[in-house]
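Asks: Next come a sequence and a model predicted from it.
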Amino acid sequence: MSPIDADGKGKHVRESHVEMVELVLPNDTNQLGNLLGGRLMHWIDIAAAMAASRHSNHVCVTAAVDEISFFHPIKLGELVILKSSVNRVFNTSMEVGVKIFSENPLTGEKKHSNSAYLTFVSIDQNGKPVKSVPILPESHDETRRFEQALFRREQRLRHREESKRIWSEGPSGQG
């Protein structure tokens, strides 16, 4: 399949899809036998970076992590299935969604344990941002994620501006 659709307008979400599977080993867990949040965040970042790179055909770097929701703990010995794909492309940045499932390999029981949204930027060989082709949602789910990504981006940009304003004022109560 060509990286650009027949009209030359972009790439389909399915072309960015990544499925990554990890096994939770003792070194990956805390004192309760649950997967460390930091280890999961590492895997999320890798799965998301691969989806962004597949879409853009460039090296992609993490620009922001908007949200990681933890619904259920993942236990020692379970499989972690990370499914990532590009939700929306803006200019040089793109939002990638990652849905995480735990699977008990002895029973086959699967649980949706986490979800995450990250922003990546495509860069060229000189480390400069490059424009990415648009994403072309096809299904109802892909269209919903595409629309929601715009809302999250607007929230992220508002938050960034508010943070700049607060930090430029300096520490309160001193002076």
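Replies: All right, it came through fine. Keep in mind the model is a prediction, meaning the values are calculated, not measured. Numbers count the residues shown, from 1 in each chain.
Asks: residue contacts, the nearest residue to residue 60 once chain neighbours are set aside?
Replies: Leaving aside its sequence neighbours, residue 60 sits nearest to residue 52 (CB to CB, 6 or more residues apart in numbering; 3.8 Å). C-beta here means a position set from N, CA and C on the backbone, and glycine is covered the same way. By CB atoms under 8 Å, 6 or more residues apart in numbering, the residues touching residue 52 are 16, 60, 86, 94, 96, 120, 122.
Asks: any idea whether residue 52 is helix, strand or coil?
Replies: helix (DSSP: H, G, I helix; E, B strand; the rest coil).
Asks: before we move on, back to that, most neighbours among the contacts of residue 52, please name it.
Replies: residue 86 (32 neighbours; other CB atoms under 10 Å).
Asks: give me the element that one is part of.
Replies: strand 79-89 (DSSP states H and E).
Asks: Mind naming the longest helix for the chain?
Replies: Looking across the chain with DSSP state H, the single longest helix is helix 140-169.
Asks: now it, how far from the chain's geometric center?
Replies: 14 Å (CA atoms, centre = their mean, to the nearest Å).
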